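Chemist: following is a predicted model, sequence given first.
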Amino acid sequence: MNALGKALLGFWESSIGKKLIVAVTGIMLVGFLVAHMVGNLLIFQGRESLNDYAYFLHHFLHGWGIWIFRLGLIGAFTLHIIATIALVRENRSARNSRYAYDATVQAPRSSRMMIWSGLTVLGFVIFHILHFTIRVDPDLAAMKDPMDPSRHDVYGMVIKGFQNPIVVLFYIVAISFFCTHLNHGISSLFQTLGLRSEKTRWVIGKIGIAVTIALWLGFLSIPFLTSVNILKDKGSPEKSAAHGASVEEVVKS
């Protein structure tokens, strides 16, 4: 093994190395979540805005952009999970010492539940990918933009995808678990990077809560408003105009 390989192996085998990997990949994942939420909220601007955004993502760099981004995201997510599990195993192995035992007892419940909330998040991510990315439901996969049949109707797919109350309930529960995980994760992230102190603890706590609430409201607003029929598919402007014209003609006749 060359010097670089030995250095990387030594970095990975150290606790601080794995904590830094968790922190850096955590920053990447939070950044993705914020961007993903902002993109999703384009649904409130209508079919054209959301479908234009989806079309841009899938055709950026001639279609390579979305795959480069996905591979980077998968890599960060995988490293985050592996490093977190490795740290949990190390902490469990260290419980034989009094110091490790005391630290475990004093740890907040949210910290001890991180592994379980993390597994819930993993399950949700897999379901979400199958639901809206791979589109295992043939009805969702076959939807075409009524204004441009050459592209997929992401707007209509999202509305139809949240017509099932069981799916909506699962999203609410899973995203709530996810936000619990995220709130603790943001605080741990600052601590790992050495940016958390007695002076900054309060500010960091508020930042974590603010980001968590914003993501919780942003992500859940779509399934919730769809389930109560406030956010619904009104059809394309052309079809709506044509329907209005036909009704007007009938009235006049």
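Modeler: On my side now, so go ahead.
Chemist: by contact count, what packs against the longest helix along the chain?
Modeler: Counting by DSSP state H, the longest helix found in the chain is helix 64-93. Judged by 3 or more C-beta pairs under 8 Å, 6 or more residues apart in numbering; DSSP states H and E, the packing partners of helix 64-93 are helix 15-40, helix 47-59, helix 114-128. Quick note: C-beta positions are derived from backbone N, CA and C, even for glycine.
Chemist: let's see that with 6 Å instead.
Modeler: helix 15-40 (3 or more C-beta pairs under 6 Å, 6 or more residues apart in numbering; DSSP states H and E).
Chemist: tell me the mean pLDDT for the helix it packs on?
Modeler: For helix 15-40, mean pLDDT is 91.
Chemist: what comes up buried for that helix?
Modeler: 17-19, 21-26, 28-30, 33, 37, 40 (16 or more other C-beta atoms under 10 Å).
Chemist: buried ones in the longest helix of the chain, by neighbour count?
Modeler: A76, F77, L79, H80, I81, A83, T84, A86, L87.
Chemist: if we can go back for a sec, closest one of the buried residues of helix 15-40 to F170?
Modeler: N40 (16.9 Å; C-beta to C-beta).
Chemist: what's the distance between the closest one and A54?
Modeler: 10 Å (C-beta to C-beta, to the nearest Å).
Chemist: overlap in contacts, these two.
Modeler: Common neighbours of N40 and A54, counting by C-beta atoms under 6 Å, 6 or more residues apart in numbering, are absent.
Chemist: quick check: which ranges of this structure have low pLDDT?
Modeler: Along the chain, the model assigns pLDDT under 70 to residues 1, 95-115, 117, 235-253.
Chemist: sorry, back to before: distance from the longest helix of the chain to the middle of the chain?
Modeler: Relative to the centre of its chain, helix 64-93 is centred 14 Å away, using C-alpha atoms, centre = their mean, to the nearest Å.
Chemist: what of stretch 22-36?
Modeler: 9 Å.
Chemist: contacting residues around it?
Modeler: L73, A76, L79, H80, A83, T84, G185, L189, T192, L193, L215.
Chemist: what does stretch 209-217 give?
Modeler: With C-beta under 6 Å, 6+ apart, stretch 209-217 has contacts from L33, M37, C179, L182, N183.
Chemist: can you name the two of those residues that are farthest apart?
Modeler: The widest separation within the contacts of stretch 209-217 (C-beta to C-beta) is 15.6 Å, between M37 and N183.
Chemist: re earlier: return the member of the contacts of stretch 209-217 nearest to L220.
Modeler: For the contacts of stretch 209-217, the nearest to L220 is C179 (9.2 Å; C-beta to C-beta).
Chemist: okay, now that closest one: neighbour count?
Modeler: Residues lying near C179 (other C-beta atoms under 10 Å) number 22.
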